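Peer 1: coordinates only, no sequence provided:
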């Protein structure tokens with residue numbers, strides 16, 4: 001109850017001061033107070049209450065009394081009726097006066113305020129969060145920022161295959177209307193055939209759904225599955241959209257650990273101990289973002305065995321399945337689970353360097369009989385959005401057939417391979433940085449020696465690096481990693497740019513020490 005009262009009053013005080021959560025983070029940083037966006041989100045959602053020093057900062061910044069903020073019922077000045085009017089009487093269902101205040105129109109009447117839905121209180125997506133907002137502010141002021149935060153190939157000189165562009169141009173006039181909700185037959189047929197090559201069982205054209213990128217389909221599939229309180233296992237670190245969409249759908253996300261000491265493979269014992277009678281599904285991201293890990297057959301088989309024992313759905317995000325290096329092979333987990341219901345996601349954004357085209361897909365496979373009602377929900381939501389981007393669908397058949405130009409990038413001498421080789425050595429040569437060498441995708445999840453740098457807030461580290469060296473990275477907390485000791489870099493820039501970035505990071509860390 002105390003956490004809920006604190007959260008209510010914190011939100012009310014923010015409204016009164018016309019402030020957002022990010023404003024608290026910014027002001028805290030200016031005053032040297034260690035306060036991240038994820039911390040503030042936990043406070044306003046009622047998950048936790050702050051330490052005394054953070055409470056003092058919040059009360060001082062929001063111009064309220066600490067005791068009132070903590071929900072003790074009365075303010076220190078008992079003789080001030082204006083302050084006492086702020087006391088919240090939950091039993092009588094009264095509102096705080098602070099909640100009632102808002103801007104006034106010229107006639108003196110209080111204007112109605114429109115706030116975001118409380119469903120978003122626990123939703124975080126820091127890949128485009130407060131650090132990015134600061135970078136945008138700096139760019140607006142004329143500062144050039146090197147963006148190593150998002151896997152967006154085009155700005156770094158990666159071009160879409162000419163044949164894909166040609167075919168889209170030729171078909172544009174045929175793509176002016178809606179397609180079927182699941183997608184064009186030609187696209188779904190090509191995806192079905194790709195699934196066959198990946199040995200995914202029991203897949204027909206009707207089991208394939210196209211989407212405006214995998215992101216839309218993740219949101220759709222979580223919304224169709226989860227009721228309030230349903231649990232879903234998601235890796236930590238994760239691609240944060242999974243956690244955000246599951247939370248928005250009303251689910252309870254339970255993060256299982258991926259073990260850095262074991263090449264970032266999922267910790268099977270941690271998975272087992274976190275399964276309850278409310279657990280509906282498990283998510284894997286393979287190849288992994290942010291770690292670049294690639295799961296071998298034996299790891300995937302262990303996950304299948306656990307899912308089989310506990311009757312779980314398997315969701316497998318495989319958007320990087322064609323960006324595998326070192327002669328290794330990607331294996332779709334669905335190919336090992338013909339008796340389970342599996343949903344496999346992929347697309348063209350990364351492999352064909354067309355992130356802006358927004359074309360992804362999901363494949364339903366295995367035992368669909370046990371998921372008939374859920375599939376009806378997927379169909380309903382798919383129909384409600386009418387269809388995905390039709391011009392982008394029109395090039396799926398071309399993209400998946402013939403020469404795969406991405407293969408030229410991921411072998412010795414290819415850009416992605418050589419850039420990975422460079423950034424891995426350059427960063428791990430910096431005192432205080434270690435990393436597991438990525439085997440796939442184009443990210444590296446580097447580890448910081450928190451004792452050496454006295455780092456207690458990884459978001460502050462990212463902000464400090466941005467402001468001093470004009471380099472934008474994503475802190476580990478942005479991927480639901482709980483310790484303040486990691487950050488992700490994208491190694492899409494050319495080696496000369498990565499060399500400059502690594503030099504600046506080395507120079508920054510040579511003197512960095514969080515206060």
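Peer 2: Noted; the coordinates are in hand. Keep in mind it's a predicted model, so treat the numbers as computed, not measured.
Peer 1: can you pull the contacts of residue 156?
Peer 2: With contact taken as Cβ atoms under 8 Å, 6 or more residues apart in numbering, residue 156 is in contact with 492, 493, 494, 497. For every residue, glycine as well, the C-beta is placed using N, CA and C.
Peer 1: if you set the cut-off to 10 Å instead, what comes out?
Peer 2: 147, 148, 353, 415, 419, 442, 490, 491, 492, 493, 494, 497 (Cβ atoms under 10 Å, 6 or more residues apart in numbering).
Peer 1: top of the residues you listed by neighbour count?
Peer 2: residue 491 (29 neighbours; other Cβ atoms under 10 Å).
Peer 1: need the contacts of residue 156 in CSV with distance to residue 6, pLDDT and secondary structure, can you?
Peer 2: Converted to CSV, the contacts of residue 156 look like this (distance: Cβ to Cβ, whole Å; pLDDT from 0 to 100; DSSP: H, G, I helix; E, B strand; the rest coil):
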residue, distance to residue 6, pLDDT, secondary structure
147, 37, 92, strand
148, 37, 93, coil
353, 47, 84, coil
415, 51, 96, helix
419, 47, 97, helix
442, 42, 95, coil
490, 38, 96, strand
491, 42, 97, coil
492, 43, 96, coil
493, 44, 95, coil
494, 49, 95, coil
497, 46, 95, helix
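Peer 1: and those as TSV, adding distance to residue 221?
Peer 2: Below are those laid out as TSV (distance: Cβ to Cβ, whole Å):
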residue	distance to residue 221
147	29
148	30
353	26
415	33
419	33
442	25
490	26
491	30
492	28
493	33
494	37
497	37
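Peer 1: what bridges to residue 235?
Peer 2: Counting by DSSP bridges, residue 235 is bridged to residue 256.
Peer 1: neighbours around it, how many?
Peer 2: Neighbourhood size, residue 235 [other Cβ under 10 Å]: 28.
Peer 1: same deal with residue 489?
Peer 2: Residue 489 has 25 neighbours, counted by other Cβ under 10 Å.
Peer 1: that one belongs to a strand?
Peer 2: Yes: Residue 489: assigned to a strand according to DSSP: H, G, I helix; E, B strand; the rest coil.
Peer 1: over to residue 471: give its phi and psi.
Peer 2: phi -120, psi 130 (degrees, to the nearest 10).
Peer 1: report the helix or strand with the lowest average pLDDT across this protein.
Peer 2: Lowest by mean pLDDT, DSSP states H and E among the helices and strands of the chain is helix 81-84, with a mean of 42.
Peer 1: state the distance from residue 335 to residue 204.
Peer 2: To residue 204, residue 335 is 16 Å away according to Cβ to Cβ, to the nearest Å.
Peer 1: between the two, which has more neighbouring residues?
Peer 2: residue 335 (19 against 13).
Peer 1: now the more buried one, what's its secondary structure?
Peer 2: Put simply, residue 335 is helix when judged by three-state DSSP.
Peer 1: just give the closest residue to it, not the sequence neighbours.
Peer 2: residue 199 (3.9 Å; Cβ to Cβ, 6 or more residues apart in numbering).
Peer 1: right, and residue 192 touches residue 210 too?
Peer 2: No: Residue 192 is not in contact with residue 210 according to Cβ atoms under 10 Å; the separation is 11.7 Å.
Peer 1: who has more neighbours out of the two?
Peer 2: For residue 192 versus residue 210, neighbours defined as other Cβ under 10 Å are more numerous around residue 210 (29 against 18).
Peer 1: so the more buried one is in which element?
Peer 2: strand 208-211 (DSSP states H and E).
Peer 1: now do residue 190
Peer 2: Element membership for residue 190 (DSSP H and E) is helix 185-197.
Peer 1: one step back: okay, buried residues for the strand holding residue 210 please.
Peer 2: 208, 209, 210, 211 (16 or more other Cβ atoms under 10 Å).
Peer 1: could you tell me how many residues sit around residue 501?
Peer 2: So residue 501, with other Cβ under 10 Å, has 22 neighbours.
Peer 1: how near is it to residue 145?
Peer 2: Distance from residue 501 to residue 145, by Cβ to Cβ: 11 Å.
Peer 1: joint contacts of the two?
Peer 2: Contact criterion Cβ under 10 Å, 6+ apart; residues bridging residue 501 and residue 145 by contacting each: 469, 470, 471.
Peer 1: the first one contacts residue 504, doesn't it?
Peer 2: Yes: under the criterion of Cβ under 10 Å, residue 469 makes contact with residue 504 at 4.2 Å.
Peer 1: joint contacts of these two?
Peer 2: The contact lists of residue 469 and residue 504 share residue 146, where a contact means Cβ under 10 Å, 6+ apart.
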